[in-house]
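Peer 1: Sequence plus predicted model, see below.
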There are 2 protein chains.
Amino acid sequence: MGTTQLEAVAEPKYWHLRTVLTEALESEFSVGEILPNERDLAARYGVARATLRQALEQLELEGRLQRRRGVGTTVAPPRVGVAVGSEQHAWPGMPGDGWEPADSELAVPPAHVATALDIDGSALVHTVRRFRVSHGQPVAVEVLYIPSPSVPELSAIDAPSGPVRARAVLRELHRLALERQENAVELGSAGADDAKALDRLPGAPVLMVTTRYLTAGRTAALSVATYRADTCRLTFGESGGLEIHHGPEARAS
Amino acid sequence: MGTTQLEAVAEPKYWHLRTVLTEALESEFSVGEILPNERDLAARYGVARATLRQALEQLELEGRLQRRRGVGTTVAPPRVGVAVGSEQHAWPGMPGDGWEPADSELAVPPAHVATALDIDGSALVHTVRRFRVSHGQPVAVEVLYIPSPSVPELSAIDAPSGPVRARAVLRELHRLALERQENAVELGSAGADDAKALDRLPGAPVLMVTTRYLTAGRTAALSVATYRADTCRLTFGESGGLEIHHGPEARAS
C-alpha cells in the first residue's frame, strides 16, 4: 500500500487519464456529444473503472463534462458567465437583476449570519429565497437576510407569504440609500435542498457568494448565494462581460 | 445496481456521515486538532473506509478539514480572506498588493489568452509569474500576460530575467492610465506546476480568477491567478474585509 501511495503522488493514474481525455475531447468530440459508456471507455484506455470515474469526476469539476442520470456523460458547453458584482452596486431585486423571488418568511438566521449582521442570535429577520435561471438552466439559489430595521414600514397585511411577499420586502429595502456592496466567493458543497433546486446531487461543488449590502455604515442586508460550479463563471466588474473560457470548446473556436 | 443508485440519490451514506462529522467537529474538536486515524474513525461511525474517505474529502473541499501527508487530518482554521477586486482598480505590482514577482519571459500565450487579448496566436507577449503568500502559506500563483504595445519603452538590457525583470515589466505597465478591471471567478483544478507551488496534489480544487486590465478601451494586460480553494475566501469590494465564515469554527465563536 505504501508503494501505491508513492506512485500515486508522482503522477496519479487518473490525472494522466484526465490529460489524455482532455485532448480527446478537444480533437474528437463536440459540445453536447454523448461519450461512450464507462465500460467501453475503461477498455479503450486500458484503465480500471475506478480510475476512469475519478478522471471523469475531475473533468466534470473542471466544467468540461456533464454527467446526468438517464442521459450519460456529455461534452459540456463553455461555462455561462453570470454577473455578480457591478459598479452600479444595485440592491437585490432591482429590475433585470436576473433573480426570481420565490418566498419570504420571518426566521432566526444561522448563527454566522446573525454575527455578520451584528444582531442578537435569537432575533427574527426577513428571509427572502430567490432563484436564478440562465439559458433555461437553474444556476443559483439565494437566501437574503434582511433585519427588520432595514424595512421599518413593511406591513404584513397585503402579502403574507410567497413571491408577492418577497417582492414587497425587496421593494421596502429599495427605499434605503445603498452605500456599497462587498462580495466574497468561496468553494462549498451543495446541501440537500440547494442540490435539488440546482439539479445536482448533494455534495456537488458550488461557488458560495456572500454579499454584504451596506447603508449608512451598517449592513442592511446579507445575501448568501449558491452557484453551480460546473456551469458558472462568476464575473465582477463594470460590464460583467468577461468572455474568457478555460474549456476546450472555447479554445477550439 | 439500479437499487443502489436510487438509495444513493435519496441520501448518500457519505453525505449523512459528513453531516454527523460536521457536528462532531463543532462540538468536540478545536482548530488544529488532529483527528483519529481513518481506521478508528470508520469503526467509531460504523462505516466502510471508502465511505469515511469520501466524507473526509467532502469536508476538506468545504474547508473544514486539512489533510497532509505525515501529519494526518486536522481541523482547519477559518478560510483566509484575500482581496481580489478593489474600488481602486490598481495595476498589478503596485506597492502592498501582496504578490511576489518571480520571473518574466517573452512567450507565446495559450490560444484562449491570445483570443482574450485580441492578438495574433503566434505573437510573443511578456509573461510575468507571481506568487501570493498569506499568513505564511502559499495561497495563489499567477501568470500575467502583457502584450508588447502595453510596455513600449521596455528595454531588455538592464534586467534580462528573474524577479528584477518581472518588476521592470510591471513598472513599465504602470505608466499607462488604468481605466478599469474586470474579474471572473470559476472552479478549476490545479495542474502539476501550480499544485506544487501551492503545496497541493495535482487535481486539487482551485479558484481560477481571470482579471482583465483595460486602458483606453483595450485590454492592456490579462492575469490568470490560481487560488487554493481549501484555504481561500476571495473578497471583492471597497474594503475587501468581508469577515463572514461558513466554517464550524466561526459559528462556534
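Peer 2: All right, it came through fine.
Peer 1: CA atoms for contacts and neighbours, from now on please.
Peer 2: Noted.
Peer 1: Ramachandran angles for the spatially most central residue of chain A?
Peer 2: For chain A, the residue nearest the mean C-alpha position is A:Y227 (0.7 Å; CA atoms, centre = their mean). Main-chain dihedrals, A:Y227, degrees, to the nearest 10: phi -100, psi 140.
Peer 1: Just confirm yes or no for the longest helix that chain A contains near chain B.
Peer 2: Criterion DSSP state H: the longest helix present in chain A is helix A:13-28. Yes. Judged by CA under 8 Å from any CA of the partner chain, helix A:13-28 and chain B are in contact via A:W15.
Peer 1: Report all helices and strands that that helix contacts.
Peer 2: Of the remaining helices and strands, those touching helix A:13-28 by 3 or more CA pairs under 8 Å, 6 or more residues apart in numbering or on different chains; DSSP states H and E are helix A:49-61, helix A:248-252.
Peer 1: coming back round to it: and the residue nearest to the residue nearest to the centre of chain A when sequence neighbours are not counted, helix, strand or coil?
Peer 2: Counting by CA to CA, 6 or more residues apart in numbering or on different chains, A:A140 is the residue found nearest to A:Y227 once chain neighbours are left out, at 4.3 Å. Counting by DSSP: H, G, I helix; E, B strand; the rest coil, the backbone at A:A140 sits in strand.
Peer 1: Quick one: name the residues of the stretch 1-150 of chain A near chain B.
Peer 2: So the stretch 1-150 of chain A meets chain B at A:9, A:15, A:58, A:61-63, A:111-113, A:116 (CA under 8 Å from any CA).
Peer 1: Selecting buried members of the residues you listed in PyMOL, what would you type?
Peer 2: To isolate the buried members of those in PyMOL, using 16 or more other CA atoms under 10 Å in any protein chain shown:
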select buried, chain A and resi 15+58+61+62+63+111+112+113+116
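Peer 1: I'd like the residues of the stretch 1-150 of chain A next to chain B as TSV, with pLDDT appended.
Peer 2: Compiled in TSV, the residues of the stretch 1-150 of chain A next to chain B are given as follows (pLDDT from 0 to 100):
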residue	pLDDT
A:V9	45
A:W15	84
A:Q58	84
A:L61	80
A:E62	82
A:G63	83
A:A111	85
A:H112	83
A:V113	91
A:A116	89
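Peer 1: possible to save the residues of the stretch 1-150 of chain A next to chain B as CSV with distance to A:E33?
Peer 2: Formatted as CSV, the residues of the stretch 1-150 of chain A next to chain B follow (distance: CA to CA, whole Å):
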residue, distance to A:E33
A:V9, 33
A:W15, 23
A:Q58, 18
A:L61, 18
A:E62, 17
A:G63, 15
A:A111, 45
A:H112, 43
A:V113, 43
A:A116, 45
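Peer 1: Nearest to A:S134, out of the residues of the stretch 1-150 of chain A next to chain B: which one, please.
Peer 2: Distance ranking of those against A:S134, using CA to CA, places A:G63 first at 16.0 Å.
Peer 1: Excluding chain neighbours, give the residue nearest to the closest one in space.
Peer 2: Leaving aside its chain neighbours, A:G63 sits nearest to A:D230 (4.7 Å; criterion: CA to CA, 6+ apart).
Peer 1: cool, and A:T210?
Peer 2: A:V224 (4.6 Å).
Peer 1: what pairs with that neighbour across the strands?
Peer 2: For A:V224, the beta-bridge partners under DSSP bridges are A:V143, A:T210.
Peer 1: Now do the contacts for it.
Peer 2: A:V224 is in contact with A:142-144, A:208-211, counting by CA atoms under 8 Å, 6 or more residues apart in numbering or on different chains.
Peer 1: Touching, A:T226 and A:E142? I think so.
Peer 2: Yes. The pair A:T226 / A:E142 is scored as a contact, 6.2 Å apart, by CA atoms under 8 Å.
Peer 1: When the two are compared, which one has more neighbours?
Peer 2: Neighbour count, other CA atoms under 10 Å in any protein chain shown: between A:T226 and A:E142, A:T226 has more, with 29 against 24.
Peer 1: Can you say which helix or strand has the closest residue to the more buried one other than its chain neighbours in it?
Peer 2: For A:T226, ignoring the flanking residues on the chain, the nearest one in space by CA to CA, 6+ apart is A:M208 at 4.7 Å. Using DSSP states H and E, A:M208 sits in strand A:205-215.
Peer 1: Equivalent analysis for A:V164, please.
Peer 2: Secondary structure assignment for A:V164, by DSSP H and E: helix A:162-173.
Peer 1: List the buried residues for that helix?
Peer 2: Within helix A:162-173, the residues that count as buried by 16+ other CA under 10 Å are A:163, A:165-171, A:173.
Peer 1: And stretch A:49-62, by the same measure?
Peer 2: Buried residues in stretch A:49-62, counted by 16+ other CA under 10 Å: A:51-52, A:54-62.
Peer 1: can you check stretch A:26-44 too?
Peer 2: Result for stretch A:26-44 [16+ other CA under 10 Å]: buried residues A:26, A:30-31, A:34-35, A:38, A:41-42.
Peer 1: could I get it in CSV with only the CA atoms?
Peer 2: This file holds the C-alpha atoms of stretch A:26-44, laid out as CSV (Å, rounded to 0.1, in the frame of the first residue of the first chain):
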residue,chain,number,x,y,z
GLU,A,26,-10.7,18.7,-28.0
SER,A,27,-10.0,16.7,-31.1
GLU,A,28,-12.7,14.0,-31.3
PHE,A,29,-15.8,15.3,-29.6
SER,A,30,-18.2,18.3,-30.0
VAL,A,31,-20.3,20.1,-27.4
GLY,A,32,-23.3,18.0,-26.3
GLU,A,33,-22.0,14.8,-27.7
ILE,A,34,-22.5,11.7,-25.6
LEU,A,35,-19.4,9.9,-24.5
PRO,A,36,-19.1,6.0,-24.8
ASN,A,37,-20.2,4.3,-21.6
GLU,A,38,-17.8,3.7,-18.7
ARG,A,39,-17.1,0.1,-19.6
ASP,A,40,-16.1,0.9,-23.2
LEU,A,41,-14.1,4.0,-22.1
ALA,A,42,-12.2,2.0,-19.5
ALA,A,43,-11.4,-0.7,-22.0
ARG,A,44,-10.3,1.8,-24.6
